[in-house]
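[1] fold the following and give me the result.
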Amino acid sequence: MYILRCANGEYYTGSTNDLQKRLEEHNNGIACNFTWKHMPVELIYTEEFSTVEKAFHREKQIQKWSRKKKEALISGDIELLKSLAKNHTDFKKDSIQKLLPGL
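    This next block holds a predicted model:
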C-alpha cells in the first residue's frame, strides 16, 4: 500500500505487488487517470502486507480518511492520528458520565 503526493498537492492511495513498476507507470501516465492528470507524483508513504487482500483493505480504509488524518499517518504523528479517529476517546468513564448523566 502506498501514498503518492501529486503535482497539484493531492494525495493518491493505491496498492501493488511491485511498487517500483507501479511508480514508473504513475510517472509515465499509464497507471491511472487521476495521477496522469496530476504528474509528476512523489512516493511519500508505504506499508507492506502479507497478502494483496490486506493491502487492498488498508488502501480502501485510508482513501476514506480526511487529508489531515492522512498527513498525520504520513508524518508518523500517532497521537494526532488517534485524536482524529472517529471512535477514539481519551475520556475516562467518569468524565463521560459527568458530560452525559444517566450512562
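
[2] what lies in contact with the longest helix along the chain?
    Longest among the helix segments of the chain by residue count, using DSSP state H, is helix 52-63. With Cβ atoms under 8 Å, 6 or more residues apart in numbering as the test, helix 52-63 has contacts from Met1, Ile3, Thr13, Gly14, Ser15, Thr16, Asn17, Glu47, Glu48, Phe49, Lys70, Leu73. C-betas here are computed from N, CA, C, even on glycine.

[3] so the third one: helix, strand or coil?
    Read it as Thr13. strand (DSSP: H, G, I helix; E, B strand; the rest coil).

[4] quick revisit: what are the buried residues along the longest helix of the chain?
    The neighbour-count check on helix 52-63 (16 or more other Cβ atoms under 10 Å) flags Ala55, Glu59, Ile62 as buried.

[5] shouldn't Glu42 be within a strand?
    Yes - under three-state DSSP, Glu42 sits within a strand.

[6] how about it, what does it touch?
    Glu42 makes contact with Leu4, Arg5, according to Cβ under 8 Å, 6+ apart.

[7] Val41 versus Gly29, what's the distance?
    10 Å (Cβ to Cβ, to the nearest Å).

[8] please identify which of these two sits among more neighbours.
    Neighbour tally, Gly29 and Val41, criterion other Cβ atoms under 10 Å: the higher count belongs to Val41, 20 against 13.

[9] what kind of secondary structure is the residue found closest to that one once you drop the neighbours it is linked to in the chain in?
    Sequence neighbours aside, Leu4 is the residue nearest to Val41 in space, at 4.2 Å (criterion: Cβ to Cβ, 6 or more residues apart in numbering). Of the three states, Leu4 takes strand under three-state DSSP.

[10] great, nothing more from me.
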